[in-house]
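[1] Starting from these lines, generate the structure:
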Amino acid sequence: MKVLTLDFADREVEHAFVADNLTKSLPLIRLSLFFASVLYAGFGFLDYHMIGDQLAEVLSIRLGIVCPFMLTVIAISFYKNFGNVAQALLSLSMLFAGLGIVVMTAITTWPANVFYYAGLIMVVIYGSTLVRLKFKNSVAVSVTSVAAYQIVAIYINPIPPSTLLSNNFFLFMASAVGIFATYIQELYIRRAYVYTQLLTEEKERSEYLLREAQAASHAKSEFLAVVSHELRTPLNAIIGFSEFLKMEMFGPIGSARYKSYAEDIHSSGKHLLEVISDILDLSKAEANKLDVIEEEVHLRAAVGSCMRMLQSRATEGGVRLSTQVSSWALLRADERLVKQALINLVNNAIKFTPGGGEVSVSVTCEDDGGCAVSVRDTGIGIAEDDIPKVLEPFGQVESSHVRSHEGLGLGLPLVKKIIELHSGTLQIESRLGSGTTATIHFPPERVLRWEAEQKQWPLLSEAG
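    Purely as a prediction, here's the structure:
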């Protein structure tokens, strides 16, 4: 931006700014010109009381030249190409208004010729602030009008020196204030335009990057979904055939080692199928393709089913499972997804709890009427800085105990996605070496009612 003229060095940027500024300020310009023409004509009332023989000439300047020109500019401003001549016509409007007063000063006698400078002050300030002249045009109009007044007041229709000195003092001060106001106003308008353009460019860049990221994420999710789907069919066959071998359904295998290998194949295949299922569900959730089939979900039955399913795994690891519940909620949710979330949380807790530890599930009614299901373990815990990491897909914490367990770090991210699909949240509280509490919060609108705990309903009786 040039310091003196305030024009942008780049002509294209300058043209873009002028067009943008005109579009935004055009209603104000029209209103200002209309009000200026009304004021200019209204001062004819003073002419009537101050001027004698020259009244017709003065009114012809006001009502026959200056005011019609301003109204004509307003009319022209409605044409689409007005921007090409806007500054020229606006400058001429203010210049005609100023020179009109100078001519009135030249043709009138005392006292009118002495006091017309006051009208010139109004024209200078008005043109500098309301008509939105560019700084250099405002300076040109002000300097030309003031210079013409000096010629008239000194040579054509001389004004007493003492009076002229007083008039010039106020006229010069008004011109200086007007020019300064124009400079500051345009400077801030241009700066605001630059900042707006930068923000717009940054917004467009951010939106572009967001679209690119979403496209990449969508492509990744689609790829994972396709690969997972393609792997499930042969993997199910491997699991099925290995189960036949393990159970010796078609007769003895002949060697105990073959049976052991079949059990390993079957176990590894089931684990891999679980991982693939998690990948498929997570990719569907990220692609917004994981459908929520809402139905009534008895939380007690869902928790009981998960606990019985994982009891044998907990027993193998020497981990005790327990529940701490005084009442159960009836939810409006997707039963399969709720069970999947609970299984992932409990399974995760069992996995990272050493033998002799405990994993407990509790259900509480929150103050707002929502439902909180907490899975608390006495395991290795998570460092506070690592909690955000474990909530990201494939995010794992560097730890010897963690590395000793299989997994891709999909459990907690999948739970988070599932609960978010139910308008809920997942909260992780943990301290390294002191265990972890994972809590899923269902909002009040998901809770249909609460049911008292019935001790005769066993949760773990079906487990060994």
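
[2] nearest spatial neighbour of Thr108, skipping sequence neighbours?
    Of all residues not flanking Thr108 in the chain, Gln54 sits nearest, at 5.1 Å (C-beta to C-beta, 6 or more residues apart in numbering). C-beta coordinates here come from the backbone N, C-alpha and C atoms, glycine included.

[3] Tell me how far that neighbour lies from Met104.
    Going from Gln54 to Met104 by C-beta to C-beta, to the nearest Å gives 8 Å.

[4] Same drill for those two, tell me which one is more crowded.
    Neighbour totals were compared for Gln54 and Met104, and Met104 leads with 24 against 15 (other C-beta atoms under 10 Å).

[5] you'd agree that one is in a helix?
    Yes - according to DSSP: H, G, I helix; E, B strand; the rest coil, Met104 belongs to a helix.

[6] ok, how many other residues are close to the closest residue to Ile239 other than its chain neighbours?
    Using C-beta to C-beta, 6+ apart and skipping residues adjacent in sequence, the residue nearest Ile239 is Gly269, 4.1 Å away. Residues near Gly269, counting by other C-beta under 10 Å, number 20.

[7] Thr439 too?
    Thr439, neighbours per other C-beta under 10 Å, totals 18.

[8] Partner strands of the host helix or strand of it, with direction?
    For Thr439, the element it lies in under DSSP states H and E is strand 436-442. Note on strand 436-442: by DSSP bridges, its sheet partners are strand 371-377 (antiparallel), strand 425-430 (antiparallel).

[9] just to revisit the earlier point, in this model Gly240 seems to touch the residue nearest to Ile239, though I could be wrong.
    No - using C-beta atoms under 8 Å, Gly269 is not in contact with Gly240, being 9.0 Å away.

[10] quick one: low-confidence ranges for the stretch 151-300 of the chain?
    Where the stretch 151-300 of the chain drops to pLDDT under 70, the residues are 271, 283-289.

[11] The same query, at a cut-off of 90, please.
    178-179, 181-182, 185-186, 189-190, 193, 213-293, 300 (pLDDT under 90).

[12] Now do the helices in it.
    Shown for the stretch 151-300 of the chain, the helices assigned by DSSP state H, counting those that start in this stretch span residues 161-247, 256-286, 299-316.

[13] same question, the stretch 301-450 of the chain
    Along the stretch 301-450 of the chain, counting by DSSP H, counting those that start in this stretch, helices occupy 335-351, 387-390, 400-403, 411-421.

[14] now those as CSV including distance to Val38 and mean neighbour count?
    Shown next, in CSV, are the helices of the stretch 301-450 of the chain (distance: least, C-beta to C-beta, whole Å; neighbours: other C-beta atoms under 10 Å):
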stretch, distance to Val38, mean neighbour count
helix 335-351, 71, 22
helix 387-390, 65, 16
helix 400-403, 81, 12
helix 411-421, 62, 21
